[in-house]
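Peer 1: need the 3D shape of this:
(one chain, ligands or ions: 2)
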Amino acid sequence: MTVMPAETATATEAILEARGLTKHFTVGGNFWSGRKILHAVDDLDVVLRPGHITALVGESGSGKSTVARLLARIYPATTGDIIFNGRSIVRDRGRRRNLSYRSDVQMIFQDPFSSLNPVRRIRHHLARPLLIHNVVPRREVSARIHSLLTRVGLVPPRYFESVFPHQLSGGQRQRVAIARALAVDPKVLLADEPISMLDVSIRIGILNLMLGLKEQQGLAFLYITHDIASARYVADDILVMYAGHVVEKGRVDDVLGEPQHPYTQLLLSAVPNPQEGLATRRMATRGEVPAIVNPKPGCRFAPRCPFVMDICRQVTPKLADQGGGRSVRCHLYPGST
Ligand SMILES: Nc1ncnc2c1ncn2[C@@H]1O[C@H](COP(=O)(O)OP(=O)(O)O)[C@@H](O)[C@H]1O
Ligand SMILES: [Mg+2]
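Peer 2: Ligands and ions are numbered 1, 2, ... in the order given. Next comes the predicted model:
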């Protein structure tokens, strides 16, 4: 695992940053019951830096994919700001800048197969973004495809460019999806559970590819996962999310070495060792995180918390700075109340 010293971490400028990012969905309700507002993400701050992997960890339903979609501008935010390269992209609606943002910030999905056209060869999937975004002159497209395939470990490229998606393994398809994302020369990759549908034996290869890309190309990654062991393996920083709230964040070694929030402790207690954690699909899951609809004040984790106190059911804890780049949202710690 690569560990950046704290000084380096803070010295690197943010490439993509969210402040107070919030997404609410209206999910029905009527005149008598009033509106039902689902709080998918509330007041989230995150900083992505070049050459850094930030993990966003939590069980299913905690709001992770919504964060990725907000950052990719697939969804508009309810409130909050997204800052790319020092500029707010929320207020900035210029068409050209919008297009360049869409190539600068690329998303990688859980299921690579669903995003590949089954009747088209791999060459086609990589040529398209190169031509649409005018990345290279037409005569250089072929060479660029070869270099992309090589970068993601699909060698020899002459073979891989000529096959159809169904001729590849799940891991190879995910590599094609990553190559396609890289085609437009992005600065940020948002990877939403990129290994959770893959065979256990090939997951580590994709994680190593991510590590190589961050180190050699200085890419900034948001790595979304429900698997805390894989986050420990690749990430520099970590955010732990529960029911739309970040409950704990900091450097990955600090947070996972000495978890403060009871939820992080619960997640870790379900992963006896990293190898085993990588080998299992589940984390600590006892099912889905409850959807948060028209929430009342109080800690969202209180119903499951072994340390719950009266205050937890009445006052929403704040995400409070604990020093050393760590924050925690829990009444057991100073500053949260
Ligand atoms: N388009 C949507 N409309 C309504 N509710 C949604 C929508 N997308 C997500 N949600 C809800 O938001 C919450 C967080 O979902 P999601 O971001 O997919 O979580 P995760 O990726 O952590 O599993 C869930 O309760 C989910 O049902
Ligand atoms: Mg998801």
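Peer 1: in the sheet, who's paired with the residue nearest to the spatial centre of the chain?
Peer 2: The centroid of the chain falls nearest to residue 224 when counting by CA atoms, centre = their mean (3.3 Å). Taking DSSP bridges as the rule, residue 224 bridges to residue 56, residue 192.
Peer 1: let me see the ranges of the strands in the protein.
Peer 2: Secondary structure of the chain (DSSP state E): strands at 16-30, 34-48, 52-57, 79-84, 87-88, 105-108, 188-192, 220-225, 237-242, 245-251, 320-323, 326-328.
Peer 1: so what's the residue count around residue 319?
Peer 2: Per other CB atoms under 10 Å, the neighbour tally for residue 319 reads 20. Glycine gets a C-beta too; all of them are placed from N, C-alpha and C.
Peer 1: now do it, the pLDDT please.
Peer 2: You'll see residue 319 listed with a pLDDT of 98.
Peer 1: return the residues in contact with residue 199.
Peer 2: 169-171 (CB atoms under 8 Å, 6 or more residues apart in numbering).
Peer 1: one more time with 7 Å, if that's ok
Peer 2: Contacts for residue 199 were tallied using CB atoms under 7 Å, 6 or more residues apart in numbering; they are residue 170.
Peer 1: for ligand 1, see how far away it is.
Peer 2: According to CB to the nearest ligand atom, to the nearest Å, residue 199 stands 22 Å off from ligand 1.
Peer 1: which parts of the protein sit against ligand 1?
Peer 2: Residues of the chain lying close to ligand 1 (CB under 6 Å from any ligand atom) are 25, 27, 38, 40, 58, 60-66, 291.
Peer 1: show me the contacts for residue 324.
Peer 2: residue 254.
Peer 1: quick one on the thing from earlier: ok, the residue nearest to the centre of the chain - contacts?
Peer 2: 56, 64-65, 68, 191-193.
Peer 1: out of the strands of the chain, which comes closest to residue 303?
Peer 2: strand 237-242 (11.1 Å; CB to CB).
Peer 1: report the angle between that closest one and strand 220-225.
Peer 2: Following axes from the mean of the first three to the mean of the last three CA atoms, to 10 degrees, one obtains 40 degrees for the angle between strand 237-242 and strand 220-225.
Peer 1: average pLDDT for strand 237-242?
Peer 2: Mean predicted lDDT for strand 237-242 stands at 98.
Peer 1: over to stretch 45-63?
Peer 2: On average, stretch 45-63 scores 97.
Peer 1: quick one: buried ones out of the residues of the chain next to ligand 1?
Peer 2: 25, 38, 40, 58, 61-66 (16 or more other CB atoms under 10 Å).
Peer 1: possible to save those residues as a markdown table with distance to residue 243?
Peer 2: Formatted as a markdown table, these follow (distance: CB to CB, whole Å):
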| residue | distance to residue 243 |
| --- | --- |
| 25 | 14 |
| 38 | 11 |
| 40 | 9 |
| 58 | 9 |
| 61 | 8 |
| 62 | 6 |
| 63 | 7 |
| 64 | 11 |
| 65 | 14 |
| 66 | 12 |
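Peer 1: ok, now which ones touch residue 46?
Peer 2: Applying CB under 7 Å, 6+ apart to residue 46 gives the contacts 18, 54, 239.
Peer 1: look up how far ligand 1 lies from residue 134.
Peer 2: Following CB to the nearest ligand atom, the distance that separates residue 134 from ligand 1 is 33 Å.
Peer 1: start at 36, not 1
Peer 2: Understood, numbering begins at 36; the last thing we discussed is residue 169.
Peer 1: select, out of the strands of the chain, the one closest to residue 239.
Peer 2: Per CB to CB, nearest to residue 239 of the strands of the chain: strand 255-260, 13.4 Å.
Peer 1: the helices in this structure, which residues?
Peer 2: Using DSSP state H, the helices assigned to the chain run over residues 41-46, 99-106, 130-139, 157-167, 176-186, 192-195, 205-218, 235-252, 263-269, 287-292, 297-304, 309-314.
Peer 1: and the residue of the stretch 186-335 of the chain nearest ligand 1?
Peer 2: With CB to the nearest ligand atom, the shortest gap between the stretch 186-335 of the chain and ligand 1 falls at residue 326, namely 3.7 Å.
Peer 1: so who does that residue touch?
Peer 2: 73, 96.
Peer 1: next, it: phi, psi?
Peer 2: phi -70, psi 140 (degrees, to the nearest 10).
Peer 1: circling back to that earlier point, can you tell me how far the residue nearest to the centre of the chain sits from residue 52?
Peer 2: Computed as CB to CB, to the nearest Å, the residue 259 to residue 52 distance reads 17 Å.
Peer 1: cool, and residue 216?
Peer 2: Distance, residue 216 to residue 52, using CB to CB: 20 Å.
Peer 1: more neighbours: these two, which one.
Peer 2: More crowded of residue 216 and residue 52, by other CB under 10 Å: residue 216, with 24 against 20.
Peer 1: low pLDDT regions in the stretch 186-335 of the chain?
Peer 2: 306-322 (pLDDT under 70).
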